[in-house]
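**Q** how would this look folded up:
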Amino acid sequence: MIDLKYHVYSLVAVFVALAAGVVIGIGIAGGAGGQASAIEKQRQAITDLRDRFRQYSDELGRKQASMEDLTGDLKDVDTLVGGILPALVEGTLSGRRVAIIQMGAAGDVSRLQRTLAAAGGVVTSVTRINTDFEFADAKRMAAAAQAVPPEFQQTDKPPQDQVWGFFASTLAGGRPGSPLDPLAGAGILEPSGDYSRPCNLVVILSPAGDDARRVVEQFGGALLARLRSQKLRVVAASPSRAQQEAVENPWHELDVPTASHSDYAMGQVCIVEALMQGEGRYGIGPSQSILPNRLLRR
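**A** A predicted model of the protein is given here:
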């Protein structure tokens, strides 16, 4: 959710800067002879700015209250959906293996794992990608590519393709032992779970807003391409705070099924639906559906 207090502070800074500019400008224009008139104009200008700021502040306060009411309603709906969640998802992912890719600290992994299990799915692994890694650094990526098995070290491909090609192959086909430890040692990711079993489905827990775009541009697009080359079905999910940011979801541009509110029961039902159908844009916003049609028809 947007922190409206931040915008209030920003407006304060803007108005203070404007006031200072007005004071200096009027002072220069007035000269010594018109000092009294200039002072009066300065006072009036500052009064006008204060009135305008008070107007904006009141408006932001009303929006904050409205958003808090909506958040309360959303939590009530989430409690309702959470109570019937097992019945909504039961058997929909029966026999399907799911890998979770957590980008940075995004998403609620434990709750999502329980929902996927309730749907009959088996979460085999959770891999946290280090979003602070310098993926744009050619030397670091080349060094990381040296950590993958020789068959993936193809000099005609960029280092990112080599790294993510190995990673995607591991998820799709399974590899015994601890196959991702070399990439963990290179600082790219933190593996957890059983990578010996092949997976059918992948949930990417993405950060919100501009952070999501940065992730997609730095490595998310390359990772997605390698996952798709392994015929894995991918869904990108984001936490609830992403929905109040006026930033287009960059995963839509890559034609990836998406679901918001991954930390809510309703969002997790949508994740299951997107995995099952291989399509959908679920969330609160333009061109999105708050819940799957099959549930809204009930």
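**Q** use CA for all of it now, contacts and neighbours both
**A** Fine.
**Q** I figured Gly121 was touching Ser94, is that so?
**A** Yes: with contact defined as Cα atoms under 8 Å, Gly121 reaches Ser94; the gap is 5.4 Å.
**Q** With neighbour numbers in mind, choose between these two.
**A** Legend: neighbour count by other Cα atoms under 10 Å for Gly121 and Ser94, higher for Gly121 (22 against 15).
**Q** residues touching that one, list them.
**A** 93-98 (Cα atoms under 8 Å, 6 or more residues apart in numbering).
**Q** same deal with Leu189?
**A** The contact partners of Leu189, by Cα under 8 Å, 6+ apart, come to 127-130, 183.
**Q** how close does it get to Gln268?
**A** 24 Å (Cα to Cα, to the nearest Å).
**Q** Count the residues that sit near Asp181.
**A** Asp181, neighbours per other Cα under 10 Å, totals 15.
**Q** For it, which residues are in contact?
**A** Asp181 makes contact with Pro191, according to Cα under 8 Å, 6+ apart.
**Q** what's the spacing between Val89 and Gly173?
**A** For Val89 relative to Gly173 (Cα to Cα), the value is 26 Å.
**Q** can you map out the strands along the chain?
**A** In the chain, the strands defined using DSSP state E lie at 97-103, 122-129, 189-190, 201-205, 233-237, 258-259, 281-282.
**Q** From the ones you listed, pick the one with the highest average neighbour count.
**A** Comparing the strands of the chain by mean neighbour count (mean count of other Cα atoms under 10 Å), strand 258-259 ranks first with a mean of 30.
**Q** Can you list the strands that that one pairs with?
**A** The strands that strand 258-259 pairs with in its sheet are strand 233-237 (parallel), strand 281-282 (parallel) (by DSSP bridges).
**Q** will you turn the contacts of Leu189 into JSON lines that also has distance to Ser110?
**A** JSON lines is the format used below for the contacts of Leu189 (distance: Cα to Cα, whole Å):
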{"residue": "Thr127", "distance to Ser110": "13"}
{"residue": "Arg128", "distance to Ser110": "13"}
{"residue": "Ile129", "distance to Ser110": "17"}
{"residue": "Asn130", "distance to Ser110": "19"}
{"residue": "Leu183", "distance to Ser110": "24"}
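**Q** Same list, those residues, but as a markdown table with pLDDT please.
**A** Compiled in a markdown table, the contacts of Leu189 are given as follows (pLDDT from 0 to 100):
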| residue | pLDDT |
| --- | --- |
| Thr127 | 97 |
| Arg128 | 96 |
| Ile129 | 96 |
| Asn130 | 95 |
| Leu183 | 96 |
